[in-house]
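*Asks:* need coordinates for the following:
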Amino acid sequence: MAVANKISEERSAKENPSVVSPWLSEAEAAAYTKFAESSLATYRCRGMGPKFYRRGKSVRYKRDDLDAWLSESGPQ
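*Replies:* So this is what the prediction gives:
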């Protein structure tokens, strides 16, 4: 069922560009936060960065987690 929902969300995003995925790649997260990808990687390794998720070898961020991290503290 989750796979069907994921496919449906992807299809909706392609058909309606105003639907934005909450998941961001490392490059997208860097552009969104205005931090270099290497800085986000350093923060992630030191436990100082925003919450992240691993999907295989890929790292993904949720937009809401980035917003929360930026508003509460940002890098320390």
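
*Asks:* do a quick rundown of the strands in the chain.
*Replies:* 23-24, 53-55, 58-62 (DSSP state E).

*Asks:* can you say which of the ones you listed is nearest to Y43?
*Replies:* Minimum separation from Y43 across the strands of the chain (C-beta to C-beta) falls at strand 58-62, 11.2 Å. All C-beta atoms are positioned from the backbone trio N, CA, C, and that covers glycine.

*Asks:* take the strands of the chain and lay them out in JSON lines including distance to T42 and mean pLDDT.
*Replies:* Shown next, in JSON lines, are the strands of the chain (distance: least, C-beta to C-beta, whole Å; pLDDT from 0 to 100):
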{"stretch": "strand 23-24", "distance to T42": "18", "mean pLDDT": "94"}
{"stretch": "strand 53-55", "distance to T42": "17", "mean pLDDT": "92"}
{"stretch": "strand 58-62", "distance to T42": "13", "mean pLDDT": "95"}
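
*Asks:* okay, now the unreliable bits of this structure?
*Replies:* 1-20, 74-76 (pLDDT under 70).

*Asks:* how about 80 then?
*Replies:* Low-confidence segments of the chain (pLDDT under 80): 1-21, 73-76.

*Asks:* in stretch 59-69, what's buried?
*Replies:* Neighbour-count burial for stretch 59-69 flags V59, R60, Y61, K62, D65, L66, W69 (criterion: 16 or more other C-beta atoms under 10 Å).

*Asks:* in contact with the second one, which residues?
*Replies:* Listed by C-beta atoms under 8 Å, 6 or more residues apart in numbering, the contact partners of R60 are W23, L24, S25, F52, Y53, R54.

*Asks:* roughly how far apart are G49 and R60?
*Replies:* Going from G49 to R60 by C-beta to C-beta, to the nearest Å gives 13 Å.

*Asks:* please read the previous query as pertaining to L70.
*Replies:* With C-beta to C-beta as the criterion, L70 and R60 are 17 Å apart.

*Asks:* picking that back up, now the strands of the chain as a markdown table including distance to S38?
*Replies:* Below are the strands of the chain laid out as a markdown table (distance: least, C-beta to C-beta, whole Å):
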| stretch | distance to S38 |
| --- | --- |
| strand 23-24 | 16 |
| strand 53-55 | 18 |
| strand 58-62 | 13 |
